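Undergrad: coordinates only, no sequence provided:
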């Protein structure tokens, strides 16, 4: 069974691909497809044996003897034709900046699997980690599901939970999710060699969406939050959008969370010393580093 791995350079897909490459497999990783954000259009096939000078997703594949396609639009007819020439049986996607077209999905004879970092059907879309943190979650889910033209819409094949540290950045949470995806995929791919890929349909009536956050989505009112949840959010959210807070005419943009003092209070709503901001929460104090 020939498998194509789709993703983008960053804290998510490369970690999953490295985990996949550690495992001896009966299936073949036949192609890596890296999506790139560039102003000019590009669709490029690189074959193993060419010099590898970095650690992009494509170069991780090339270093392991896997041909790689880099493309600025994976749904472009030229990119679809290039992928189709590799006669793929199954595509695996670990993070991409756009939905796959029906034409692209049709290049894999047995369909595809996507790794999405949320508890599907909750938080479908491009920024589930941001919104999970804003909901005050301490643990995150990684779901493997079948690919279809909808957004994170297919049948769920596997799900596992992971718990980042209280001061984890968004990048570190993605890193953990990528490693977990890379460990969950091999048994599923091995089983798919001789068996149909069947999952559990999602309860679409329970679906929610996690859009890319706008500035107003990152605004916080500290008195509404627990101190722990606010510190977690202020550590993880800046990867997506800088949190900010307003007291009267004073506006602070938050760089990261620092620590929690449960059960403590200050005379007012906040106290600032240099780049250190202490804010009153429902159950204590949140210490934050701000931009100055």
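TA: Perfect, I can see it now. All values reported here derive from a predicted model rather than from experimental measurement. Numbering: from 1, shown residues only.

Undergrad: all contacts plus neighbour counts: C-alpha atoms, from now on.
TA: Noted.

Undergrad: can you pull out the strands in the stretch 101-250 of the chain?
TA: 112-116, 140-146, 156-162, 219-220, 244-247, 250-262 (DSSP state E, counting those that start in this stretch).

Undergrad: which residues sit against the first one?
TA: Counting contacts by Cα atoms under 8 Å, 6 or more residues apart in numbering, the residues outside strand 112-116 that touch it are 90-95, 105, 142-148, 152, 181.

Undergrad: ok, it: who's next to it in the sheet?
TA: strand 90-94 (parallel), strand 140-146 (antiparallel) (DSSP bridges).

Undergrad: same question for the fourth one.
TA: Sheet partners assigned to strand 219-220 using DSSP bridges are listed as strand 244-247 (parallel).

Undergrad: what does the partner strand contact?
TA: Contacts of strand 244-247 (Cα under 8 Å, 6+ apart): 218-222, 251-254, 269.

Undergrad: cool, stretch 60-69 as well?
TA: 14, 17-18, 21, 29-34, 43-49, 52, 58-59, 83.

Undergrad: now these: which count as buried?
TA: 14, 17-18, 29-34, 43, 46, 58-59, 83 (16 or more other Cα atoms under 10 Å).

Undergrad: now stretch 188-199: buried residues?
TA: 188-189, 192, 197.

Undergrad: now do it: distance to the chain's middle.
TA: Relative to its chain's centre, stretch 188-199 lies at 24 Å (Cα atoms, centre = their mean, to the nearest Å).

Undergrad: average pLDDT for it?
TA: Here stretch 188-199 scores 96 as its mean pLDDT.

Undergrad: which other residues reach that stretch?
TA: Counting by Cα under 8 Å, 6+ apart, 1, 25-27, 145-146, 155-158 sit against stretch 188-199.

Undergrad: equivalent analysis for stretch 28-45, please.
TA: Outside stretch 28-45, the residues that reach it (Cα under 8 Å, 6+ apart) are 1-9, 57-58, 61, 66-74, 78-79, 82, 86, 88, 96-97.

Undergrad: can you tell me which two in the contacts of strand 112-116 are farthest apart?
TA: The span of the contacts of strand 112-116, defined through Cα to Cα, is set by 105 and 142 at 21.9 Å.

Undergrad: circling back: just the ones of the contacts of stretch 28-45 in strands?
TA: 2-7, 68-71 (DSSP state E).

Undergrad: could those residues go into a markdown table alongside neighbour count?
TA: Below are the ones in strands among the contacts of stretch 28-45 laid out as a markdown table (neighbours: other Cα atoms under 10 Å):
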| residue | neighbour count |
| --- | --- |
| 2 | 18 |
| 3 | 22 |
| 4 | 24 |
| 5 | 26 |
| 6 | 25 |
| 7 | 24 |
| 68 | 26 |
| 69 | 22 |
| 70 | 22 |
| 71 | 22 |
